[in-house]
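Engineer: coordinates only, sequence not included:
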């Protein structure tokens, strides 16, 4: 997991594309210098004449290109800072990374930086000794600036798209849906069992978290491999996204006399857990849901006062949680028939997901009838695919919502609409 942690950090870094593109620009500049200086042999006989210019013209063009890229970079970084500030103030600080991690945005940064690097290096090597020679560095620079301008237009279009609340919510919806699908695929081949139905050995060993932080990723294959090799029953009592301290018990091992507890057992288990300072969405679809909740709460705040955006978020949450309503609560069992050792890891609790998704919205949105009606509709969406056990949980949340809003006095028409929505939920599915 150490290598994976490093690779994830590199992949999510804003320096990835600027660094890669800058290296490409340096290689391109050195290749052009070799061609212009005829250090190996005369490459120019193989190059179209339209690409060849005088060194004086190339120097002037490259100077203009370098200045243009500096201007574009200044505008781009200023615009980015404005967008990030707006994301934090109007949506949520947690959605800032969604803009920074967008590939098209980072690729644009990379092209602007690398274009400036290419121009400066090419200018440096246009010597007075070849002032009368013909070169191709200027023509390559013209192609580079055209590519840069195209990406600049793409960047402006992305900014205009990203700052719209509806587009942000749609991207969060797609991300959440994808993560939910990965979670369902992972548990599809496994069996879900209640904790009290699990047969375990009498002896047990507790393994604490290696450090303080959030569970970012769990290597389930590594854990089941360790359980088989040691012939133990392993319980992972936490889910991705939970916060742990270095004193928190994260895994319990059950074993007997036939088990083989290796000396590096604790170290191997720790390597299968990726703990970090902040939550990530890789295995934690509930974090994507939280971002949608944050956008809804910000829209309901007095400073923003945008209930229609909050209603859209509530509808999206209803559609997303409908995909999870069929799953049973319990522990996911990973084992192979005929082999000793098994892994039980805690599945997401549907009641907890519902509470995290709607309780805060209920608290801050109960004064608005349209928001309350949207909440009732969302619960109705979720009931469409819910299992019997989850249906009872959903109805409990409906009752909680109803008891909360009944503390407020409504007009006759408002109460009529609320009762109609509640009747549709309480009626036959």
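Structural biologist: Nice, thanks for sending it over. None of the values given here were measured: they were computed from a predicted structure.

Engineer: Looks to me like residue 151 is in a strand.
Structural biologist: No: Residue 151 is assigned helix when assessed by DSSP: H, G, I helix; E, B strand; the rest coil, not a strand.

Engineer: quick one, what contacts it?
Structural biologist: 107-108, 111-112 (C-beta atoms under 8 Å, 6 or more residues apart in numbering). Bear in mind the C-beta positions are built from the backbone N, C-alpha and C, glycine included.

Engineer: Identify the residue nearest the geometric centre of this protein.
Structural biologist: Closest residue to the average C-alpha location of the chain: residue 281 at 4.4 Å, with C-alpha atoms, centre = their mean.

Engineer: of all the contacts of residue 151, which two lie farthest apart?
Structural biologist: Farthest apart among those by C-beta to C-beta are 107 and 112. That separation is 9.9 Å.

Engineer: where along the stretch 201-350 of the chain do the strands fall?
Structural biologist: For the stretch 201-350 of the chain, the strands defined by DSSP state E, counting those that start in this stretch cover 203-208, 213-218, 233-236, 243-244, 249-255, 273-276, 331-334, 342-346.

Engineer: Pass me the low-pLDDT residue ranges in this protein, would you?
Structural biologist: Low-confidence segments of the chain (pLDDT under 70): 1-13, 38-47, 50, 127-133, 195-203, 337-339, 427-429.

Engineer: chain center to the longest helix anywhere in it: distance?
Structural biologist: If you go by DSSP state H, the chain has its longest helix at helix 55-86. A distance of 30 Å separates the centroid of the chain from that of helix 55-86, by C-alpha atoms, centre = their mean, to the nearest Å.

Engineer: Against which helices or strands is it packed?
Structural biologist: Counting contacts by 3 or more C-beta pairs under 8 Å, 6 or more residues apart in numbering; DSSP states H and E, helix 55-86 is packed against helix 96-100, helix 103-124, strand 134-135, helix 137-162.

Engineer: I'd like to check the angle between the last one and helix 103-124, please.
Structural biologist: Right, the one you point to is helix 137-162. Interaxial angle, helix 137-162 versus helix 103-124 (axes from the mean of the first three to the mean of the last three C-alpha atoms, to 10 degrees): 160 degrees.

Engineer: Count the residues that sit near residue 412.
Structural biologist: Look at residue 412: counted by other C-beta atoms under 10 Å, it has 6 neighbours.

Engineer: circling back to that earlier point, give me the more crowded residue out of residue 107 and residue 112.
Structural biologist: Legend: neighbour count by other C-beta under 10 Å for residue 107 and residue 112, higher for residue 112 (26 against 18).

Engineer: Report the contact partners of the spatially closest residue to the more buried one that is not a sequence neighbour.
Structural biologist: Once flanking residues are discounted, residue 112 sits nearest to residue 73: 4.7 Å by C-beta to C-beta, 6 or more residues apart in numbering. When contacts are counted by C-beta under 8 Å, 6+ apart, residue 73 touches 109, 112-113, 116.

Engineer: Residue 73 and residue 148: what is the separation?
Structural biologist: From residue 73 across to residue 148, the span is 10 Å (C-beta to C-beta, to the nearest Å).

Engineer: Pull up the overlap in contacts between those two.
Structural biologist: Both residue 73 and residue 148 are in contact with residue 112, where contact means C-beta under 8 Å, 6+ apart.

Engineer: what pairs with residue 254 across the strands?
Structural biologist: For residue 254, the beta-bridge assignment (DSSP bridges) gives partners residue 204, residue 233.

Engineer: Just to check, it is in contact with residue 230?
Structural biologist: No: with contact defined as C-beta atoms under 8 Å, residue 254 does not reach residue 230; the gap is 10.9 Å.
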